[in-house]
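*Asks:* Sequence plus predicted model, see below.
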Amino acid sequence: MAMDRGLELPQATGGAPSNYREPERATPGGSRAAVGLAPMAETQTQTSLAWRRLRQDSFALAGAAIVLLTLVLALAAPWIAPHDPLAQESSIRLSPIGTAGHLLGTDGNGRDILSRLIYGSRTALLVATVPVLVAASIGLLAGLVAGYRGGWVDAVVMRFADILFAFPAILLAIAIVAALGPRLLNAMMALAIVFVPAFARLVRASVLSLKQRDFVLAAEASGATAASIVTRHILRNALPPIVVFATLQTGQMIIFASALSFLGLGVQPPTPDWGSMANDGRNSMLIAPWVTTLPGIAIFAVSVGFNLLGDGLRDALDPTLKA
Amino acid sequence: MATYVLRRIAGLAPVLFGISLVVFFLMQLIPGDVAQAMLGLTARPEDVANLREALGLNEPIYVQYVRWLSQVLHGDLGISLQQRTEVLPFVLERFQNTLILTAAATIISLLIGIPAGIVSATRQYSLFDRVSMLLALFGNSMPAFWLGLMAILVFSLRLGWFPTGGMWPVVGDRDALTLLKHLFLPAVTLGAASAAITARITRSSMLEVIRQDYVRTARAKGLGERSVLTGHALKNALLPILTVVSFQFGFLLGGAVLTETVFSWPGVGLALYNAISFRDYPLVQGGVLIVAVSFVLVNLITDLLYAFVDPRIKYS
């Protein structure tokens, strides 16, 4: 393995101006895994340090609170939703916010908006987290193999990622769902596919920098197998940036998934979903703006929550990145 | 430099080939019989059989691909079922409108994002910095389709300042001012998230550069703050920003599908949206292909620009 590592090293720039000095930059993941061996005790200290930094970050805590609240709403929906989210009552269509019995009003079919928002958190979380987890897992595997093995495996994986990257993500997702047929499962599959290359590239970049580190070289010299080096030394150090990226991507995924539903390509009616709820209210926007406004606020809030948490995690896990 | 340009252009071939494979096989994902899917379940069996024959669906898949690719290379993307016209000229015409929208959104995102990022970086942790970074976070967390609907609600329906959609009025003059009026809300909607990302990248890029030795030297030798910032810091901070801008272009092209749908902007995105609900697969294929190819070309141009602007990049 050590042989082909040379290929991955940045090539010396022969004709660089002699007075040019490479700027010192804080490489992602640079300082975290300190030079030398990465013994267990140090990792624990790093984790507890990160945890302490996270707890002192009020923005990150606010983000975590939003995410947690959404999770509670999703899990407890049947108990806290005041009405059946599918129950239609034509006599109370488009009731405004504050109507007795319908705190956030009703939609064009006379369905209780608050109940639909509460139930909608289930699809929102499902559709935001599952594709990210799937994409992260596949990307992790592909990036680890490509980065560590190098050679043709790397070339194949990365060309594949390049090709998927050539499509604007949402457009590719739309095209995939258009072909497979508009269904929640298809939307989730499409979203997972389009997010794989970003994860694969991120992991590969971390692996390439990690495998030149002294502690990996030491493990190789001591005769550790490739599998043990990857799982025990590389994976552990490559994981923090992936966790950060996955959290931030979840914030984006909420928006992507709701966009697919808004276009009628994701969650199908009558299942409560924030994206399709926003679409439902489009035609009555002038007389009943709340039907469209409220689901959008929900999408926005949860996305902000994941973004705040992701930013906080990044700052906590890698303080060198904090500007 | 010339070799680098040529090599970079040659490197496009496998990516373009890959794009063609993806676009072609996307349509293979359609469950069941494509001809049936296009014509609907109520179609007569002989019509379905005729369409199968016309589309060449009875032949082996690789034959279908090779024939499709050769047609594409000859500029033949098939006939749109919905528009009853050739796909390529139709998509290209719509693509111009998408480019107008995307370019306007890019300009808006740069005009807001870069100054906000620079001021935030030079006054790190100031009130301006905190507020603009919070706004950037909000911009990045806002679904564009919803932002568009809210803009229509407030500025078109309530205040009546802007039209609710379209590119031109049904009747009336087609002058620049009318276009700008129609363009404003969709461009702001599309550019908002992009402005947020640009602001964040500009800020962190500037912060990194400001700490470099040559900036300290420039300050130490008594240069004014403005000259240090524009002459030394910004020049070097612009490179990562350039990359982001090209990346944003793809993001904006994708976002255009949503924005165009909300604002009925007659671009390629709206055409795609209508084509999907109409099961107009040749148009879906053609639209996706054109957008992907243009995205790749923009990335190529950025790479070349990047190499041109940054002498540190070697073309060996």
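*Replies:* Thanks, I have the structure now.
*Asks:* residue nearest the centroid of chain B?
*Replies:* With distances taken as Cα atoms, centre = their mean, the residue of chain B nearest its centroid is B:Leu253 (2.0 Å).
*Asks:* wait, doesn't that one sit right on B:Thr98?
*Replies:* Yes: if you go by Cβ atoms under 8 Å, B:Leu253 and B:Thr98 touch, sitting 7.1 Å apart. (C-beta placed from N, C-alpha, C; glycine too.)
*Asks:* lowest-pLDDT helix or strand in chain A?
*Replies:* For chain A, using mean pLDDT, DSSP states H and E, the weakest element among its helices and strands is helix A:5-8, scoring a mean of 31.
*Asks:* Revised request: answer the last question for chain B.
*Replies:* Per-SSE averages on chain B (mean pLDDT, DSSP H and E): minimum helix B:34-39, a mean of 76.
*Asks:* For the helix or strand following that one, which outside residues touch it?
*Replies:* With elements assigned by DSSP states H and E, the helix or strand that comes after helix B:34-39 is helix B:45-55. Here helix B:45-55 makes contact (Cβ atoms under 8 Å, 6 or more residues apart in numbering or on different chains) with B:33-36, B:38-39, B:58.
*Asks:* what pLDDT, on average, does stretch B:12-22 get?
*Replies:* The average pLDDT for stretch B:12-22 rounds to 89.
*Asks:* Neighbours of A:Ala136, how many?
*Replies:* 25 (other Cβ atoms under 10 Å in any protein chain shown).
*Asks:* again with B:Pro266
*Replies:* By other Cβ under 10 Å, 19 other residues sit near B:Pro266.
*Asks:* Am I right that it sits in a helix?
*Replies:* No: assessed with DSSP: H, G, I helix; E, B strand; the rest coil, B:Pro266 is coil; it does not lie in a helix.
*Asks:* residues in contact with it?
*Replies:* Contacts for B:Pro266 (Cβ under 8 Å, 6+ apart) come out as B:94, B:97, B:166-167, B:260.
*Asks:* ok, so of those residues, who is nearest A:Phe215?
*Replies:* Within those, proximity to A:Phe215 (Cβ to Cβ) peaks at B:Glu260, which comes in at 51.6 Å.
*Asks:* tell me which element that closest one is part of?
*Replies:* Secondary structure from DSSP H and E places B:Glu260 in helix B:235-263.
*Asks:* Does chain A have contacts with that helix?
*Replies:* Yes: using Cβ under 8 Å from any Cβ of the partner chain, helix B:235-263 comes into contact with chain A via B:250-251, B:253-255, B:257-258, B:261.
*Asks:* Buried only: go through these for me.
*Replies:* Applying 16 or more other Cβ atoms under 10 Å in any protein chain shown to these, the neighbour count classes B:250-251, B:253-255, B:257-258, B:261 as buried.
*Asks:* and residue 137, what helix or strand is that in?
*Replies:* Defaulting to chain A. helix A:113-149.
*Asks:* Can you look at chain B instead?
*Replies:* Counting by DSSP H and E, the element that carries B:Leu137 is helix B:127-141.
*Asks:* right, quick check: the very next helix or strand once past that helix against chain A, any contact?
*Replies:* The element immediately downstream of helix B:127-141 (helix or strand, assigned by DSSP H and E) is helix B:144-151. Yes: counting by Cβ under 8 Å from any Cβ, chain A is contacted by helix B:144-151 at B:144-147, B:149-150.
*Asks:* Relative to A:Ala226, which of those is nearest.
*Replies:* B:Ala144 (44.5 Å).
*Asks:* need the contact list for the residue nearest to the centre of chain B.
*Replies:* Taking Cβ under 8 Å, 6+ apart as the test, what B:Leu253 contacts is A:168, A:171, B:98, B:102, B:291, B:294-295.
*Asks:* Could you report the pLDDT at it?
*Replies:* 85.
*Asks:* any weak-confidence spans in the chain?
*Replies:* Answering for chain A, as no chain was given. Residue ranges of chain A with pLDDT under 70: A:1-44, A:319-323.
*Asks:* wrong one, chain B
*Replies:* B:1, B:309-316.
*Asks:* ok, now with 50
*Replies:* B:316 (pLDDT under 50).
*Asks:* mind listing what the most centrally placed residue in chain A touches?
*Replies:* Most central in chain A under Cα atoms, centre = their mean is A:Gln249, positioned 2.4 Å from the mean C-alpha point. Taking Cβ under 8 Å, 6+ apart, we find A:Gln249 in contact with A:132, A:135-136, A:195, A:198.
*Asks:* Dump the residues you listed to a markdown table, plus distance to A:Ile97.
*Replies:* Converted to a markdown table, the contacts of A:Gln249 look like this (distance: Cβ to Cβ, whole Å):
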| residue | distance to A:Ile97 |
| --- | --- |
| A:Val132 | 33 |
| A:Ala135 | 37 |
| A:Ala136 | 39 |
| A:Phe195 | 36 |
| A:Ala198 | 39 |
